[in-house]
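**Student:** Just the structure for this:
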Amino acid sequence: MEKIIYLECIIATAIRYWLFESDHNVILANRIEVSTPLNSWKRVLEGVVLYNEGTNPYVGDMFHETPLILWFFTWIIEHFSIKFINLLFIICDIITSFVLHQTAEMYLQQLFQQQEKDKITYAEDVDEALLKKDDVSLAPLYVLSAYLFNPYCILNCIGKTTTVLSNLFLSLFFYTMLKGYHFCTCNILVLSTMQSFYPVILIVPLCLYSYRLTGKQSIMRAILPVVYFLSSLCIAFYMSYIITADWSFVNATFNFILNVPDLKPNIGLFWYFFTEMFEHFRPLFLCSFQINATVLYLTPLSIRLRNEPVLLAMTLTALTAIFKSYPSIGDVGFYIALLPMWKHLFQFMQQGFIVTCFFIGCSMFAPTVWHLWIYSGSANANFYFGVTLAFATTQIFLVTDLLFAYVKREFMLKHGISKSIEGKDVKLVLD
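**Tutor:** Model prediction:
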């Protein structure tokens, strides 16, 4: 198994390195599906140049990374060549995949152990719904492959977007949460929150996992991560203030994400809607869209998945990738790579073929329609928004299908798989 892991890492590294050495990296770095105002490498370079010249990079509408990222890349660009920086992005991607592999391994072992404890409460005819030992050993390898060879993740790396770092932070969040290193988890979550804001809602599954960790369910254990998180967040803000010597970065980062002033097209839903919006309706719908991207699903999902905080964290990560103001395919590729962790639910999913076809179709149509709109002039914004709307709908189908599969499996474990009403066999279907 280890040989397969190393072989996959070598092949994935070679693919990324070859693409970096080709001319495709320049093209990909400018694709709107890959780069956004928040993660663009070109904007990082401009921010570093302004910072080195003594100009505040947060004045204007060019740079939107955090001061911590600004300081990091300033040091990297000053001391290393472009080829090393390319290699750094590849290394971050490989580390992310390896961390996800270890995370999946730990999580599935915990699920299997919990299943063995709960078997006495299951119905008699549920063997085919149980988590198998093969799933425990193979699913982590599928997670590794799903990240290393996912076209979305590869394009994200070749485009040198800072989403590569975001994905690394999120993978470390899942890993340290499962390890029980909650102080470290909170620090990682702070870094991720400072960069893109939306991961702040992951504090809820962290608290739920902390509450259940030792078997001694305690409110204090659930509150402690919040204290760690807020303390670390205050320190991060103060460090950012020291780097820039003023608070203008808050307006250029958090305020930029929440108010969505840049309406350049992307794979999200904000840009088209607010381009067509009457200005006096903007505050109302801005609040509606941001609530939908953050807290709208948080309470009901947290209640329903209170015993599955890792699934809750993945679901929230997926929903923010769909509904956030400036999404990219790197965000989508990350949560798709996590799906094999719930391989035992795939047999209960009903939309797999449709979702796969729509993912392929949208991935092909998006650049085609963009070319027709921008370069050929034979299409318009409605065409491209139609593709992004279909892409978002596809992701919603995927997430809801997985959650329905989880509910169906829970029901079958408790009541059995074969059911009949008045002597007639019936099939459980969730609409």
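**Student:** remind me, longest helix of this structure?
**Tutor:** For the chain, the longest helix by residue count, based on DSSP state H, is helix 82-118.
**Student:** What ranges in the chain fall below the confidence cut-off?
**Tutor:** Counting by pLDDT under 70, the chain has low-confidence residues at 214-218, 418-431.
**Student:** Could you measure from Arg282 over to Ile243?
**Tutor:** The spacing between Arg282 and Ile243, counted by Cβ to Cβ, to the nearest Å, is 32 Å. Yep, even glycine has a C-beta here, placed from its N, CA and C like the rest.
**Student:** picking that back up, hey, C-alpha coordinates of the helix or strand following the longest helix of the chain in PDB?
**Tutor:** For helix 82-118, the succeeding helix or strand toward the C-terminus, using DSSP states H and E, is helix 133-148. C-alpha atoms of helix 133-148 as PDB (Å, rounded to 0.1, in the frame of the first residue of the first chain):
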ATOM      1  CA  LYS A 133     -12.600  -3.700   6.500                       C
ATOM      2  CA  ASP A 134     -11.900  -3.200   2.800                       C
ATOM      3  CA  ASP A 135     -13.500   0.200   3.100                       C
ATOM      4  CA  VAL A 136     -11.200   1.100   6.000                       C
ATOM      5  CA  SER A 137      -8.100   0.200   4.000                       C
ATOM      6  CA  LEU A 138      -9.100   1.300   0.500                       C
ATOM      7  CA  ALA A 139     -11.000   4.500   1.100                       C
ATOM      8  CA  PRO A 140      -8.000   6.500   2.300                       C
ATOM      9  CA  LEU A 141      -6.200   5.500  -0.900                       C
ATOM     10  CA  TYR A 142      -9.200   6.800  -2.900                       C
ATOM     11  CA  VAL A 143      -9.100  10.100  -1.000                       C
ATOM     12  CA  LEU A 144      -5.400  10.400  -1.900                       C
ATOM     13  CA  SER A 145      -6.100   9.700  -5.500                       C
ATOM     14  CA  ALA A 146      -9.100  11.900  -5.600                       C
ATOM     15  CA  TYR A 147      -7.000  14.900  -4.600                       C
ATOM     16  CA  LEU A 148      -3.800  14.100  -6.500                       C
END
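**Student:** Can you tell me which helices and strands the next helix-or-strand element following helix 133-148 packs against?
**Tutor:** Scanning forward in sequence from helix 133-148 by DSSP H and E, the next helix or strand is helix 151-158. Under the contact definition 3 or more Cβ pairs under 8 Å, 6 or more residues apart in numbering; DSSP states H and E, helix 151-158 sits against helix 2-21, helix 24-29, helix 82-118, helix 163-179, helix 329-338.
**Student:** Tell me the helices and strands packed up against the fourth one.
**Tutor:** Using 3+ Cβ pairs under 8 Å, 6+ apart, the elements in contact with helix 163-179 are helix 82-118, helix 151-158, helix 182-196, helix 203-212, helix 309-323, helix 329-338.
**Student:** So which bits of it are buried?
**Tutor:** For helix 163-179, the neighbour count (16 or more other Cβ atoms under 10 Å) marks 163-178 as buried.
**Student:** Just name the closest of these to Gln110, please.
**Tutor:** Within the buried residues of helix 163-179, the smallest distance to Gln110 is 7.3 Å, found for Leu178 (Cβ to Cβ).
**Student:** All the strands of the stretch 301-431 of the chain, residue numbers only.
**Tutor:** In the stretch 301-431 of the chain, the strands defined using DSSP state E, counting those that start in this stretch lie at 419-421, 424-426.
**Student:** Could you tell me how far Leu403 is located from Phe289?
**Tutor:** Leu403 is 22 Å from Phe289, by Cβ to Cβ.
**Student:** Mean neighbour count, the helices and strands packed on helix 163-179: which tops it?
**Tutor:** helix 329-338 (a mean of 25; mean count of other Cβ atoms under 10 Å).
**Student:** Can you tell me what sits against it?
**Tutor:** By Cβ atoms under 8 Å, 6 or more residues apart in numbering, the list of residues contacting helix 329-338 from outside reads 33-34, 39, 97, 100, 104, 143, 146-147, 150-153, 155-156, 161, 163-164, 166-167, 170-171, 174, 267, 314, 317-318, 320-321, 324, 395.
**Student:** again with stretch 101-120
**Tutor:** With Cβ under 8 Å, 6+ apart as the test, stretch 101-120 has contacts from 5, 130-131, 133, 135-136, 139-141, 143-144, 171, 174-175, 178-179, 310, 338, 340-341.
**Student:** how about a cut-off of 7 Å?
**Tutor:** The contact list for stretch 101-120 (Cβ atoms under 7 Å, 6 or more residues apart in numbering) reads 5, 130-131, 135-136, 139-140, 143-144, 171, 174-175, 178, 310, 341.
**Student:** Output that stretch as CSV, nothing but the C-alphas.
**Tutor:** Taking Å, rounded to 0.1, in the frame of the first residue of the first chain, the C-alpha atoms of stretch 101-120 are listed here in CSV:
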residue,chain,number,x,y,z
HIS,A,101,-5.0,10.3,3.4
GLN,A,102,-4.0,10.1,7.1
THR,A,103,-7.2,11.9,8.1
ALA,A,104,-9.4,9.4,6.2
GLU,A,105,-7.4,6.5,7.7
MET,A,106,-8.0,7.8,11.3
TYR,A,107,-11.7,8.6,10.7
LEU,A,108,-12.6,5.3,9.1
GLN,A,109,-10.9,3.4,11.9
GLN,A,110,-12.9,5.4,14.4
LEU,A,111,-16.1,4.7,12.4
PHE,A,112,-15.3,0.9,12.3
GLN,A,113,-14.6,0.8,16.1
GLN,A,114,-17.8,2.6,16.8
GLN,A,115,-19.7,0.3,14.5
GLU,A,116,-18.4,-2.7,16.4
LYS,A,117,-19.6,-1.3,19.7
ASP,A,118,-23.0,-0.4,18.3
LYS,A,119,-23.6,-3.7,16.4
ILE,A,120,-25.9,-5.1,19.2
